[in-house]
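Q: Need coordinates for the below:
(chains A, B, C and D)
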Number of protein chains: 2
Amino acid sequence: MPTLFSIGTLSHATGCKVETIRYYEKIGLMPEPARSEGGQRRYHRRHRERLQFIRHSRELGFTLDDIRELLTLSEQHQHADAIARRHRDAVQNRISALTALRNELDRMIGECEKGHPGECRVIDVLSDHGKCLTEHSG
Amino acid sequence: MPTLFSIGTLSHATGCKVETIRYYEKIGLMPEPARSEGGQRRYHRRHRERLQFIRHSRELGFTLDDIRELLTLSEQHQHADAIARRHRDAVQNRISALTALRNELDRMIGECEKGHPGECRVIDVLSDHGKCLTEHSG
DNA sequence: ACTTGAACCTGTAGTCACTATAGCTTTTTT
DNA sequence: AAAAAAGCTATAGTGACTACAGGTTCAAGT
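A: A predicted model of the protein is given here:
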């Protein structure tokens, strides 16, 4: 990869769509890059690393606001600990919620398998809150 | 609960906000209810059951399009487990990714406690896909 | 019977995190 | 040099709501 590259090359390198890169720039998550004579964006390695960080974090379910904070954390290694702990707890909460959800889905699928052919319990479970093991309103 | 009830009562019974109920009606997920003399919505038991089904499904992370499909299946008394399975797998993938991230955060917090801050591997892990334990594109 | 105020109505605009389109200009390839 | 690919800006659309403005109806208290 040459020193400077286009938005398309950056897109290809990160798996992030061109439109999304421009969007990240617009909302201030990516810095404004240099421009060519003709006004096209010219990126380099640092941009690619930052964008990879953003994409990776997004895939793990962080919001753009979370990522803004994580990026700050990465730039100034000072208050890293507190922020890291808070994120750790947030991640754990999400894991717990998703695990409960997966268990419920497994149970639903299991019920469906036990049912006589042609009879699906998924719909029943979704209809009737009393048949649901997880705690949620409704 | 009387035979006919207002949107507020339905909202209270299902934990679904009034605006959301009207929104579901607008997009055709809830049928248009009867109206009072003065034009206010009047629901009955069947509406409540349908809305409970929708809310329950939403809480389990199904999209409105999934739910549309589930409702069709429930009306035709067909199998719905394929949708549930697909969704279950997506949830499991997310759990795996988040668990890997939480482990990284734990490890980093541990290192911070041992007394070398500054070296924040979380950022590394999020920046560099090669250092990430989970499988995902990017 | 009348008045108050909570609940209701419609319609529109805003949220988040993109995604897609239109109608151009620049860059690259042939 | 011409054609094609990639880029540009600006705007509108997506999903699943949520909030607001400005008006109407309903139920309860007097």
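Q: drop to CA atoms for contacts and neighbour counts, all remaining ones
A: OK.
Q: mind checking the longest helix of chain A?
A: Secondary structure of chain A read by DSSP state H shows that its longest helix is helix A:80-114.
Q: avg pLDDT for that helix?
A: Averaging pLDDT along helix A:80-114 gives 78.
Q: Also stretch A:126-138?
A: Mean predicted lDDT for stretch A:126-138 stands at 54.
Q: Counting neighbours, what do you get for the residue in chain A that chain B sits nearest to?
A: Of all residues in chain A, the one sitting closest to chain B is A:F53 (4.0 Å; CA to the nearest CA). The tally of other residues near A:F53 (other CA atoms under 10 Å in any protein chain shown) stands at 23.
Q: Secondary structure class of it, three-state.
A: helix (DSSP: H, G, I helix; E, B strand; the rest coil).
Q: if we can go back for a sec, what residues of the longest helix of chain A count as buried?
A: Using 16 or more other CA atoms under 10 Å in any protein chain shown as the test for burial, helix A:80-114 gives A:80-81, A:84-85, A:87-88, A:91-92, A:94-95, A:98-102, A:104-109, A:111-112.
Q: what subset of those residues is also close to chain B?
A: Here is what survives when the buried residues of helix A:80-114 are matched to chain B using CA under 8 Å from any CA of the partner chain: A:80-81, A:84-85, A:88, A:91-92, A:94-95, A:98-99, A:101-102, A:105-106, A:108-109, A:112.
Q: Pull up the per-residue confidence for the residue of chain A closest to chain B.
A: Note on A:F53: pLDDT of 89.
Q: any idea how far it is from DNA strand D?
A: 20 Å (CA to the nearest atom of the strand, to the nearest Å).
Q: Packing partners of the helix or strand containing A:H56?
A: Following DSSP states H and E, one finds A:H56 within helix A:45-59. Here helix A:45-59 touches helix A:7-14, helix A:64-75, helix B:121-127, going by 3 or more CA pairs under 8 Å, 6 or more residues apart in numbering or on different chains; DSSP states H and E.
Q: and of those, who's closest to B:L71?
A: helix A:64-75 (33.7 Å; CA to CA).
Q: re earlier: could you export the helix holding A:H56 as PDB, CA atoms only?
A: Provided in PDB are the C-alpha atoms of helix A:45-59 (Å, rounded to 0.1, in the frame of the first residue of the first chain):
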ATOM      1  CA  ARG A  45      -1.900   4.400   7.500                       C
ATOM      2  CA  ARG A  46      -3.100   6.200  10.600                       C
ATOM      3  CA  HIS A  47      -6.500   6.600   9.100                       C
ATOM      4  CA  ARG A  48      -6.700   3.000   8.300                       C
ATOM      5  CA  GLU A  49      -5.800   2.000  11.800                       C
ATOM      6  CA  ARG A  50      -8.300   4.300  13.300                       C
ATOM      7  CA  LEU A  51     -11.100   3.100  11.000                       C
ATOM      8  CA  GLN A  52     -10.200  -0.600  11.700                       C
ATOM      9  CA  PHE A  53     -10.600   0.200  15.400                       C
ATOM     10  CA  ILE A  54     -14.000   1.800  14.800                       C
ATOM     11  CA  ARG A  55     -15.200  -1.100  12.700                       C
ATOM     12  CA  HIS A  56     -14.000  -3.700  15.100                       C
ATOM     13  CA  SER A  57     -15.700  -1.900  18.000                       C
ATOM     14  CA  ARG A  58     -18.900  -1.500  16.000                       C
ATOM     15  CA  GLU A  59     -19.000  -5.300  15.300                       C
END
